[in-house]
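# fold the following.
(one chain, ligands or ions: 1)
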Amino acid sequence: MSVPIKSGTGAAYARILGFGGYRPARVVTNEEIIQNIDSSDEWIQARSGIVTRRWANAEETVQAMSVAAAGKALANAGIQADQVGAVIVSTVSHLYQTPAIATVIADELGAKGAAAFDISAACAGFCYGVGLADGMVRTGSAEHVVVIGVERLSDLTDHHDRSTAFIFADGAGAAVVGPSDTPGIGPVVWGSDGSQARLITQQESWHQAFHTEGGAQWPHLRMEGNPVFRWAVWEMARVAQQALDAAGVSTDDLDAFIPHQANMRITDAMVKALKLPAHVRVARDIAQQGNTSAASIPLAIERMQESGELKSGETALIIGFGAGLAYAAQVIKLP
Ligand code: UT7
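Model prediction:
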């Protein structure tokens, strides 16, 4: 039949209405980390900028941390759970293959019947989620979308591997995306380079892990830090500039730069490569929080909002990058 079909129509524009975060209670120092690896507090601070990180306890599950962060984001946005049409959870450390943890989180939040799914885009996951939510609000497939970045990377870290033991951490960050009369989320610039997938990867499949000669072996994350570092510094500054150009925003117009909290030296190098003016406030949550992958950007924004460093209506550039290698960046208006 040649009958025409209608396409969805939603809001003219979308924006982020509120952020929220959850930081596990237990603070882990570098002194504690180096009990398992040949390293030092000085080396870890100098090479990564990390002073402390947080690890979740048994009760601080992916679900519990997500519900806490999303609940805070909804409260900050002034949105009730029954107004939420979709829940997107970005995580690589929810240890069940199925069902998506997003369905259970939506239910616990009270977002009954909301569309709910997980995405696996590692450290780019929050920006991927915001990109998806922006499109969903503007095409009308959901009026309000909760985007959650959550990790319990301490479960997947080999605490005796000195190339990763000090870097990865746990936490959850969330944002509520909803309709807006003016543009609040710039075009997403995103992509991937699977030819470099081996640089950050679970070392073996679950199947291989269970059938290891000599007994089951936990499939930890492995990272070739230095090539990832160089890729992040050179390639990601270019992607960040593309996101600025796509939004029509110059570095002079920018109020804040919130990159994925991977390494303080990567942040410093990107600030330099982008020639960010001194007035641009830069997220440095990694010092206290470590690298929380998909959670790092919303957690860093929450900290800067709570300390008064960010104000409503200001313009921020966010960029996530990591395993895949996957990346995504966009300019946002702060709620
Ligand atoms: O979030 C997803 C994306 N992830 C990232 O963006 C992480 C990117 N990578 C990094 O942040 C950095 O590569 C690390 C912080 C992981 C490592 O820093 P680096 O400056 O790249 O160190 P490196 O691997 O090049 O190692 C430099 C030296 C080596 O010794 P030699 O060969 O120079 O004698 C390593 O053996 O440091 C040594 N080293 C350590 N020393 C003390 C490596 N790890 C450690 C350690 N403690 N934990």
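# please count neighbours and contacts with C-alpha atoms only from this point.
OK.
# quick one, strands of the stretch 201-335 of the chain?
221-223, 256-259, 281-282, 315-322, 326-333 (DSSP state E, counting those that start in this stretch).
# tell me the strands beside the shortest one, with direction?
What that stands for is strand 281-282. strand 256-259 (parallel) (DSSP bridges).
# please state the offset of the strand it pairs with from the chain centre?
The chain centre lies 13 Å from the centre of strand 256-259; the measure is C-alpha atoms, centre = their mean, to the nearest Å.
# interface residues of the protein facing the ligand?
The chain has residues 38-39, 43, 47-48, 123, 162-163, 225-226, 228-229, 262-263, 293, 322 near the ligand, with proximity defined as C-alpha under 6 Å from any ligand atom.
# least trustworthy helix or strand in the chain by mean pLDDT?
One helix or strand of the chain scores below all others by mean pLDDT, DSSP states H and E: helix 206-210, with a mean of 89.
# next, the buried residues of it.
In terms of neighbour count (16 or more other C-alpha atoms under 10 Å), helix 206-210 has its buried residues at residue 209.
# skipping adjacent residues, who's closest to residue 310 in space?
Of all residues not flanking residue 310 in the chain, residue 304 sits nearest, at 5.7 Å (C-alpha to C-alpha, 6 or more residues apart in numbering).
# out of the strands of the stretch 201-335 of the chain, which comes closest to residue 92?
Among the strands of the stretch 201-335 of the chain, the nearest to residue 92 by C-alpha to C-alpha is strand 221-223 (10.4 Å).
# so which of the residues of the chain next to the ligand are in helices?
Those of the residues of the chain next to the ligand mapping onto helices are 43, 47, 48, 225, 226, 228, 229, per DSSP state H.
# now, of those, which are buried?
So, by 16+ other C-alpha under 10 Å, the buried ones in those are 48, 228.
# residue 289 and residue 299, how far apart?
Using C-alpha to C-alpha, to the nearest Å, we find residue 289 at a distance of 9 Å from residue 299.
# more neighbours: which of these two?
More neighbours surround residue 299 than the other of residue 289 and residue 299, with 30 against 27 (other C-alpha atoms under 10 Å).
# hmm, the residue nearest to residue 310 is touching residue 311, no?
No. Assessed by C-alpha atoms under 8 Å, residue 304 is found out of contact with residue 311, at 9.1 Å.
# the nearest residue to residue 289 once chain neighbours are set aside: how many residues sit nearby?
Closest residue to residue 289 apart from its sequence neighbours, by C-alpha to C-alpha, 6+ apart: residue 53 at 4.3 Å. Per other C-alpha under 10 Å, the neighbour tally for residue 53 reads 27.
# residue boundaries of the helices in the stretch 51-200 of the chain?
Here the stretch 51-200 of the chain has its helices, by DSSP state H, counting those that start in this stretch, at 62-77, 101-109, 125-139.
# which one of those is the most hemmed in?
Among the helices of the stretch 51-200 of the chain, ranked by average contacts under mean count of other C-alpha atoms under 10 Å, first place goes to helix 125-139 (a mean of 26).
# CA atoms only: put that one into PDB for me.
Provided in PDB are the C-alpha atoms of helix 125-139 (Å, rounded to 0.1, in the frame of the first residue of the first chain):
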ATOM      1  CA  GLY A 125      28.300   6.500  27.500                       C
ATOM      2  CA  PHE A 126      26.800   9.600  29.200                       C
ATOM      3  CA  CYS A 127      27.300  11.700  26.100                       C
ATOM      4  CA  TYR A 128      25.900   8.900  23.900                       C
ATOM      5  CA  GLY A 129      22.800   8.800  26.200                       C
ATOM      6  CA  VAL A 130      22.400  12.600  26.100                       C
ATOM      7  CA  GLY A 131      22.600  12.400  22.300                       C
ATOM      8  CA  LEU A 132      19.900   9.700  22.200                       C
ATOM      9  CA  ALA A 133      17.700  11.500  24.700                       C
ATOM     10  CA  ASP A 134      17.900  14.800  22.700                       C
ATOM     11  CA  GLY A 135      16.600  13.000  19.600                       C
ATOM     12  CA  MET A 136      13.900  11.200  21.500                       C
ATOM     13  CA  VAL A 137      12.500  14.400  23.100                       C
ATOM     14  CA  ARG A 138      12.600  16.200  19.700                       C
ATOM     15  CA  THR A 139      10.900  13.400  17.800                       C
END
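# identify all contacting residues around that helix.
By C-alpha atoms under 8 Å, 6 or more residues apart in numbering, the list of residues contacting helix 125-139 from outside reads 8-15, 88-91, 119, 121, 142-145, 147-149, 177-179, 185, 187-188, 190, 293-295, 297-298, 318-320, 328-330.
# only whichever of those are buried, select them in PyMOL.
Paste this into PyMOL to select the buried members of the contacts of helix 125-139, with burial taken from 16+ other C-alpha under 10 Å:
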select buried, resi 10+11+13+14+15+88+89+90+91+119+121+142+143+144+145+147+148+149+177+178+179+185+187+188+190+293+294+295+297+298+318+319+320+328+329+330
